[in-house]
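S.K.: Sequence first, predicted coordinates after that:
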Amino acid sequence: MAIRPRLAVSDVLHRGLVWSLLGVSVWGIVMMGVVHRETLKAGRGAHMQALARQEALGQTPQVAPSPKEDEQKEIDLAEAAQAALKGRSNRS
């Protein structure tokens, strides 16, 4: 078996620094996922509480418009903007 040369102190310190940075990076990536998951869970809980509060008050919960309704609303707004521009006089 071959004898390995001893590593210099600077090599050992560099190796330790690299492994530490790798560990901190992996830990940071994992924590980003954990925080994201917890944020989504809290948002869902708040949304469910708001829906329950609306139902308790006898109000109908607000439902997001369908994509067709959104598209029609955008078309109507664009047409209104074009009509407003046509009605302006160009006095410079």
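M.R.: Here it is on my side, so go on.
S.K.: Tell me where the longest helix sits in this protein.
M.R.: Using DSSP state H, we find that the single longest helix of the chain is helix 9-56.
S.K.: tell me how far it is from the chain's mean position?
M.R.: Relative to its parent chain, helix 9-56 has a centroid offset of 13 Å by C-alpha atoms, centre = their mean, to the nearest Å.
S.K.: neighbours around Pro65, how many?
M.R.: By other C-beta atoms under 10 Å, 11 other residues sit near Pro65. For the C-beta atoms, the positions are set from N, CA and C on the backbone; glycine is no exception.
S.K.: Now it. Its backbone dihedrals?
M.R.: The phi and psi values for Pro65, taken as degrees, to the nearest 10, are phi -70, psi 150.
S.K.: Tell me which residues touch it, please.
M.R.: In this structure, Pro65 makes contact with Lys73, judged by C-beta atoms under 8 Å, 6 or more residues apart in numbering.
S.K.: show me the contacts for Arg4.
M.R.: Neighbours of Arg4 in contact, by C-beta under 8 Å, 6+ apart: none.
S.K.: In the chain, where is pLDDT below threshold?
M.R.: Applying pLDDT under 70 to the chain flags the ranges 1, 89-92.
S.K.: what's near enough to touch the residue nearest to the spatial centre of the chain?
M.R.: Central residue of the chain (C-alpha atoms, centre = their mean): His36, 8.0 Å from the mean position. For His36, the contact set (C-beta under 8 Å, 6+ apart) is empty.
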